[in-house]
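Undergrad: take a look and give me a structure for this.
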Amino acid sequence: MRGGSARLALAMLVVAGLVACRPAQAEDRMRTVGVTIHYSRFDPSTLSFDPGTTVRFEIRNTDPIDHEFILGDEEVQAIHERGTEAHHGARPGEISIPAGTTRITTYTFAEAGRLIFGCHLPGHYAYGMRGTVTVA
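TA: Predicted structure coming up:
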């Protein structure tokens, strides 16, 4: 019985050592960032992350009107500015946020560069409802 207990203790130490020495996983690089929408503006309006970081955006709309959060490059923004999707949520970095609610979307910043987030409900983007993300 004593030998069994010693082997069990040794096995537990080996497993603990393997867990402690494992390479960093994606969830180790997960960050949660709060973004508030107020008076048709994003706060904060500038963000920066390291490449490889996964961000869980918690977007709170304090306005009495609906908004959206569309994250992508200039081409993505242009497509959405011309687009007709009434609601978002099926793709990472794209979410509709009804008035007075909080919604969550997750996005992984794979490579260095500059992205934009904006709202493309009629007139909102032209009004200046956008921000930037620097990945470096």
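Undergrad: which residues are in contact with residue 119?
TA: By C-beta atoms under 8 Å, 6 or more residues apart in numbering, the residues touching residue 119 are 37, 40, 67-70, 125, 129-130. For glycine as for every other residue, the C-beta is placed from the backbone atoms N, C-alpha and C.
Undergrad: again, 6 Å this time
TA: When contacts are counted by C-beta atoms under 6 Å, 6 or more residues apart in numbering, residue 119 touches 67-68, 129.
Undergrad: just the residues you listed: which are in strands?
TA: Among those, the ones falling in strands (DSSP state E) are 67-68.
Undergrad: from the contacts of residue 119, pick the one nearest residue 82.
TA: For the contacts of residue 119, the closest approach to residue 82 (C-beta to C-beta) belongs to residue 68, at 14.5 Å.
Undergrad: so how many other residues sit close to the closest one?
TA: 27 (other C-beta atoms under 10 Å).
Undergrad: I figured it hits residue 98, correct?
TA: No. Using C-beta atoms under 6 Å, residue 68 is not in contact with residue 98; the gap is 9.9 Å.
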